[in-house]
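Engineer: Fold the following for me, if possible:
(one chain, ligands or ions: 1)
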Amino acid sequence: MTETLLNVKDVVVEYPLKGFRKEPFKALKGVSLDIRPGETVGLVGESGSGKTTLGRAVLGLAPVTGGSISYRGEAISKASRAKRKELSHEIQVVFQDPYTSLNPSMTIEQILTEPLTVRKVDRQAANKRVADLLDQVRLPQGAAHRLPREFSGGQRQRVAIARALALDPKLIVCDEPVSALDLSTQARVMELFIEIQERTGVAYLFVSHDLAVVRHLSHRVAVMYHGEIVEWGDGEQVTGAPEHPYTQRLFMAAPIPDPDRQAQHRTDRLRLLELQNQQDLQAGAA
Ligand SMILES: Nc1ncnc2c1ncn2[C@@H]1O[C@H](COP(=O)(O)OP(=O)(O)OP(=O)(O)O)[C@@H](O)[C@H]1O
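Structural biologist: Numbering: from 1, shown residues only. Okay, the predicted model is just below:
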């Protein structure tokens, strides 16, 4: 049996609403998926469908009111603060905005050393680790003594990835980590994510509204719609021959700018037309 790293089962997240409405707002309405070691699970869906909320629930940052989340078989959705701190060695996060996620007054070295000092790594070992992390994300060693504002968006995102890697996590929740970057930078950062995964065996829960990004990176894909997963399975299957009408519409609406992706998009459109024809024929036959 394949080992499971993270298991999300029937998870409900409710946000209390202020004002005249007494009923809380259900952002997740019973969501289930699992992530295996070394795997990328892509989470797609339009804005407001609940992708970020699911990522936050895994990180213990969203109010889970139903279902369960377990990490390596241990329930974590109601974990204590101390347990969460322990888990932060295993589960890390990279956010969308590289301009606000790094402390502007800290040098890159300080940013990368911070998680290590929490773990009481001594100075010499920490320096070595910082050098190694910069190598891992393909930044020059000279970057260590500079401030975030001296770097481009793509370079800052590399720093954020290095920080997430500092404690050798087994899972990284990536919340739209390439969405704020221009296309060529996006492609390089995506390659970096793949390279790091191949080297370290880390798993990603990769949240993105961009289907091309998810198609490129994911082993399995979950499609979210109004707080529910409407399609879930093998990445090629879900992105290449979606079954749910919502996923089909989502793929039709996806802008795909570069020529390779356009070719893929054309193939998708043809496949989709074929699917629709088949469905029409079946409906006609029924
Ligand atoms: N703290 C909160 N309080 C109340 N409602 C919230 C809160 N956070 C999110 N929501 C609501 O929950 C729903 C899901 O939001 P979420 O951010 O998870 O969606 P998303 O799919 O990640 O969208 P986007 O791509 O725009 O980030 C939205 O309707 C949002 O308004």
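
Engineer: Could you point out the helix or strand that follows the helix or strand in which residue 186 is found?
Structural biologist: Element membership for residue 186 (DSSP states H and E) is helix 183-200. Using DSSP H and E, the helix or strand that directly follows helix 183-200 along the chain is strand 203-207.

Engineer: Is there contact, residue-wise, from that following strand to the ligand?
Structural biologist: No - on the criterion C-beta under 6 Å from any ligand atom, strand 203-207 is out of touch with the ligand, staying 6.6 Å away. Glycine gets a C-beta too; all of them are placed from N, C-alpha and C.

Engineer: next one: stretch 87-104
Structural biologist: No - with C-beta under 6 Å from any ligand atom as the criterion, the ligand is not reached by stretch 87-104; the gap is at least 8.3 Å.

Engineer: ditto for stretch 6-14
Structural biologist: No - judged by C-beta under 6 Å from any ligand atom, stretch 6-14 makes no contact with the ligand; its nearest approach is 8.0 Å.

Engineer: Check stretch 172-188 too.
Structural biologist: No - taking C-beta under 6 Å from any ligand atom as the criterion, stretch 172-188 and the ligand are apart, separated by no less than 6.9 Å.

Engineer: sorry, back to before: run the chain-centre distance for the helix holding residue 186.
Structural biologist: 13 Å (C-alpha atoms, centre = their mean, to the nearest Å).

Engineer: Other residues contacting it?
Structural biologist: 38, 40, 136-138, 152-154, 157-158, 161, 165, 168, 174, 177-178, 181, 202-204, 206, 213, 216-217, 257-258 (C-beta atoms under 8 Å, 6 or more residues apart in numbering).

Engineer: same thing but at 6 Å, please
Structural biologist: With contact meaning C-beta atoms under 6 Å, 6 or more residues apart in numbering, helix 183-200 is reached by 154, 157, 178.
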